[in-house]
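1. Have a look; sequence and predicted model below, questions after that.
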There are 2 protein chains.
Amino acid sequence: MTNQHYGQFCGLARAAEIVGQRWTLLILRDLSVGPQRYSDLVSGLPGIPTNTLASRLKELEEEGIVERLAPSSGERAVVYRLTPRGEELGPAMDALSRWGAGGMRTPRDGEIVTTASIAAALKVAAGDGIVPEDWDAAYTVRVGEVETHLIMRDGVITVGPGAAEAPDLVITAGPQIRDLLAGELDADTAIATGAVKLEGDASLFARFADTLHVPYSPNVPA
Amino acid sequence: MTNQHYGQFCGLARAAEIVGQRWTLLILRDLSVGPQRYSDLVSGLPGIPTNTLASRLKELEEEGIVERLAPSSGERAVVYRLTPRGEELGPAMDALSRWGAGGMRTPRDGEIVTTASIAAALKVAAGDGIVPEDWDAAYTVRVGEVETHLIMRDGVITVGPGAAEAPDLVITAGPQIRDLLAGELDADTAIATGAVKLEGDASLFARFADTLHVPYSPNVPA
DNA sequence: CTGGATCCTCAACGATACTG
DNA sequence: CAGTATCGTTGAGGATCCAG
């Protein structure tokens, strides 16, 4: 609406007019794991002013990036969902996510972890999502209160919110799971030190740790 | 410094704290084509308030993304340059650029084209930059007042600011060059209608038009 | 001339309260 | 549940000025 423009006929400038708005990238991240209600977004984005969320959603709807689905009969809640155009942002968000993750060492004071952020981290860690065809494993990853599932099947990895239906392995961890994904903590040590707890087929953990990687950047300043 | 934080231990959130700042993405785009002086940045970013540019550069320096090179003896100007960590943003910026370009139809009123934006468009159009090993051609692309060079050699494409040293072909065009890159204007028509003017080995133009593509997204709303 | 710093204004953001 | 309304605060925009 009253979106700020840069006055340049340039793809990056156009993109920046959208994703350069405060909170917008995080809203899109949350929507990228699945359709969400207004209240889901509020709870996944601690600290967002409700009026800011409302106006961002309105802007994104006008831009054709998000669609607002009025409660159809039977349903009782408004739901927001990415449009196909919104889904196209996936590669860019993954690239940003990967870059940002490369600079993360330890959580800053008071920083929290949300469902969507774990899902994003696992998605980035999954990389191109290609694994051997004969792998067939369902994982539930639990960090704090949130659960994410990760399935390796038919040669691809899929990541999403919520527990797996019939997980072969449930992994419970703290934020140290990031060190594991960064490759700075190996699977055996993670288990030995109690950084992760496993329930189910623990032999599947090595495969998890070996396959998923979000490396730290060697170029971050002290 | 007084950078706004999102309070989430998440790569995308960390990235958003940087690139979500107004003007920052465009500053980084300009720096991505090469080191720039303060005044180069000012002229490549029409409308940026000088204090905003100054504080962005300071923040980016503190983040280890940009470095400020004091004039060494012999030089007389301060120069800003991406650090290795800053260079790592390239893939994310390319992805955003590609996404934004997919939504661009015609310039909005008063929108301009800068050197860096053409370079970014050509870079995105070059895709993975792989071409047959035996191609060897140097192009200068001139749009308005700005010139960019594009070299296909040794199997890769390189794009940069300024004219090529010994161009085999000089392409002069208006913003319609975007339609060419979008694949909505074929090479012969572009020449026939005068949308582009060629100087040099015109036979190299078909290769240029066939190789470089920034497709429009089919998903943009009307 | 380059590389900023300063000042002022106003639109956008942030926090809280409140409503259909 | 899904937002509006209100109001204080912050940061961008724009012009000008200054030091090396």
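-> Okay, I see it.
2. C-alpha from now on. contacts and neighbour counts both.
-> Will do.
3. The residue nearest to A:E61 when sequence neighbours are not counted and A:R85, how far apart?
-> Closest residue in space to A:E61, ignoring its immediate chain neighbours: A:E67 at 5.5 Å, by CA to CA, 6 or more residues apart in numbering or on different chains. Distance of A:E67 to A:R85, computed by CA to CA, to the nearest Å: 10 Å.
4. do the same with A:H5
-> With the distance defined as CA to CA, A:H5 ends up 20 Å from A:R85.
5. if we can go back for a sec, what number of residues are in the vicinity of the residue nearest to A:E61?
-> By the measure other CA atoms under 10 Å in any protein chain shown, the count of residues near A:E67 is 20.
6. three-state assignment of it?
-> Judged by DSSP: H, G, I helix; E, B strand; the rest coil, the three-state class of A:E67 is strand.
7. Tell me how far it lies from A:P35.
-> Distance, A:E67 to A:P35, by CA to CA: 10 Å.
8. Need the residues touching each of those two.
-> A:80-82 (CA atoms under 8 Å, 6 or more residues apart in numbering or on different chains).
9. In strands only, show me the residues you listed.
-> A:80-82 (DSSP state E).
10. With respect to A:T211, which of these is nearest?
-> A:L82 (28.6 Å; CA to CA).
11. show me what contacts the closest one?
-> Contacts of A:L82 by CA under 8 Å, 6+ apart are A:28, A:31-32, A:35, A:65-67.
12. Distance of it relative to DNA strand C?
-> 20 Å (CA to the nearest atom of the strand, to the nearest Å).
13. okay, now the domains of chain A?
-> A:11-88, A:115-211 (automatic domain parsing).
14. Could you find the closest non-adjacent residue to A:G144?
-> Nearest to A:G144 is A:G174, by CA to CA, 6+ apart, at 6.6 Å.
15. Give the burial count for that neighbour, as a bare number.
-> Neighbours of A:G174 using other CA under 10 Å come to 14.
16. pLDDT wise, what is the residue nearest to A:E61 at?
-> In this model, A:E67 is scored at 97, pLDDT.
17. Could you do the one 4 residues further on as well?
-> Among the per-residue scores, A:P71 shows a pLDDT of 81.
18. so how far is DNA strand C from it?
-> From A:P71 across to DNA strand C, the span is 12 Å (CA to the nearest atom of the strand).
19. cool, A:Y38 as well?
-> Distance, A:Y38 to DNA strand C, using CA to the nearest atom of the strand: 11 Å.
20. ok, that residue - contacts?
-> Neighbouring residues of A:Y38 by CA under 8 Å, 6+ apart: A:78-80.
21. now, which of these sits nearest A:D94?
-> Taking the contacts of A:Y38 together and measuring to A:D94 by CA to CA, the closest member is A:Y80, at 20.6 Å.
22. out of everything not next to it in sequence, what's closest to the closest one?
-> Distance criterion CA to CA, 6+ apart; nearest residue to A:Y80, sequence neighbours excluded, is A:R68 at 4.7 Å.
23. So which residue is smack in the middle of chain A?
-> A:A120 (2.0 Å; CA atoms, centre = their mean).
24. Where does that one fall, secondary structure wise?
-> helix A:115-126 (DSSP states H and E).
25. Same check on A:L41?
-> Per DSSP H and E: helix A:38-44 holds A:L41.
26. Could you give me the buried positions within that helix?
-> A:38, A:41-42, A:44 (16 or more other CA atoms under 10 Å in any protein chain shown).
27. Wondering if it reaches DNA strand D at all.
-> Yes. Residues of helix A:38-44 are located near DNA strand D by CA under 7 Å from any atom of the strand, namely A:38-40.
28. Is the very next helix or strand once past that helix in proximity to DNA strand D?
-> Tracing the chain past helix A:38-44, the next element assigned as helix or strand by DSSP H and E is helix A:50-62. Yes. Judged by CA under 7 Å from any atom of the strand, helix A:50-62 comes into contact with DNA strand D at A:50-51, A:54-55.
29. and A:I18, what is it in contact with?
-> A:I18 touches A:T24, counting by CA under 8 Å, 6+ apart.
30. Tell me how far it lies from B:A222.
-> Per CA to CA, A:I18 is found 17 Å from B:A222.
31. Same check on A:I112?
-> In terms of CA to CA, A:I112 sits 39 Å off from B:A222.
32. Looking at the two, which one has more neighbours?
-> A count of neighbours by other CA under 10 Å puts A:I112 above the other of A:I112 and B:A222, at 16 against 5.
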